[in-house]
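Asks: Have a look; sequence and predicted model below, questions after that.
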Amino acid sequence: MAEGLFFVLEGIDGCGKSTQAGMLEEKLKKENIPAVLTREPGGTAVGENIRDLLLDPGGTMGTCTEMLLYAAARAQLVQEVIQPALNQGKTVVCDRFVWSSLAYQGAGRGAADKKIYQLNQEVTKGLTPDLTFILDVDVEEARRRLEQKNATKGGDRLENMDMPFYRRVREKYLTFAQYNPVSVEVISSHEKPEAVHCQIWSKVREILPGRE
Ligand SMILES: Nc1ncnc2c1ncn2[C@@H]1O[C@H](COP(=O)(O)OP(=O)(O)OP(=O)(O)O)[C@@H](O)[C@H]1O
Ligand SMILES: [Mg+2]
């Protein structure tokens, strides 16, 4: 059986990754394409515990600890969820992957790219997405969206939202796209969710087997 395709959604907090990952999974299922939706950090029992540690707003953590915890959650996710699904020919949609580590721990917190890259090669066993979508939105708009989301659902990350940090992360994603034009698509996430989804779907459809 042919390996399934692996799609990743990336971008700064509040850009719309989870919204688009959900819409893409729904569309794949509507088209009768077996699909698995998962997220980082998390997606496994161990990974969700690590997620709680990482996203605990009260916890302070060094960059090295943070980098290793993300990598540990990723190792488990690749082994337990992503690679088995791909082996079964399923399409995998993942909300964040290795580029989040390079953008956040690298550009955001100053860890060396080389170190992050080597660690992640190890934990992913070299698995790379077939296509990564970077949902690009300016930091101010992302903040507005998170403010709205927090007002309706409650949340605690906003007070920690450091704008220069997010600008560095956004720039890193855009640089990543420049150097990887074949495997990365930058999608403007300023449009309505449905319009963003249409752009994503048109790119996905181009590489789905037998659907070009
Ligand atoms: N294209 C869009 N236009 C306007 N609002 C949007 C758009 N996409 C998502 N939103 C809204 O913005 C908020 C953040 O979206 P979402 O949770 O999907 O982002 P995210 O990238 O997953 O964020 P996080 O990194 O915090 O998990 C949500 O309230 C969502 O409904
Ligand atoms: Mg999300």
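Replies: Right, received. Where do you want to start? Ligands and ions are numbered 1, 2, ... in the order given.

Asks: Just the C-alphas of the helix or strand residue 7 falls within, formatted as PDB.
Replies: Per DSSP states H and E, residue 7 falls inside strand 6-10. The C-alpha coordinates for strand 6-10 follow below in PDB (Å, rounded to 0.1, in the frame of the first residue of the first chain):
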ATOM      1  CA  PHE A   6       1.400  14.200   5.400                       C
ATOM      2  CA  PHE A   7       0.200  17.900   5.700                       C
ATOM      3  CA  VAL A   8       1.200  20.300   8.400                       C
ATOM      4  CA  LEU A   9      -0.300  23.700   9.400                       C
ATOM      5  CA  GLU A  10       2.100  26.200  10.900                       C
END
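
Asks: Let me know the secondary structure of residue 144.
Replies: Using DSSP: H, G, I helix; E, B strand; the rest coil, the three-state assignment for residue 144 comes out as helix.

Asks: what do you get for residue 41?
Replies: Quick answer, by three-state DSSP: residue 41 is coil.

Asks: Check residue 182 too.
Replies: Here residue 182 is recorded as coil under three-state DSSP.

Asks: Need the phi and psi values for it.
Replies: Note on residue 182: backbone dihedrals following degrees, to the nearest 10 are phi -80, psi -40.

Asks: residue ranges of the strands in this protein, please?
Replies: Taking DSSP state E, the strands of the chain run over residues 6-10, 35-39, 91-95, 131-136, 184-188.

Asks: Would you mind giving the ones you listed as CSV with mean neighbour count, mean pLDDT and distance to ligand 1 added?
Replies: All C-beta atoms are positioned from the backbone trio N, CA, C, and that covers glycine. As requested, the strands of the chain are exported to CSV (neighbours: other CB atoms under 10 Å; pLDDT from 0 to 100; distance: least, CB to the nearest ligand atom, whole Å):
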stretch, mean neighbour count, mean pLDDT, distance to ligand 1
strand 6-10, 25, 98, 8
strand 35-39, 20, 98, 8
strand 91-95, 24, 98, 6
strand 131-136, 23, 98, 7
strand 184-188, 18, 98, 9
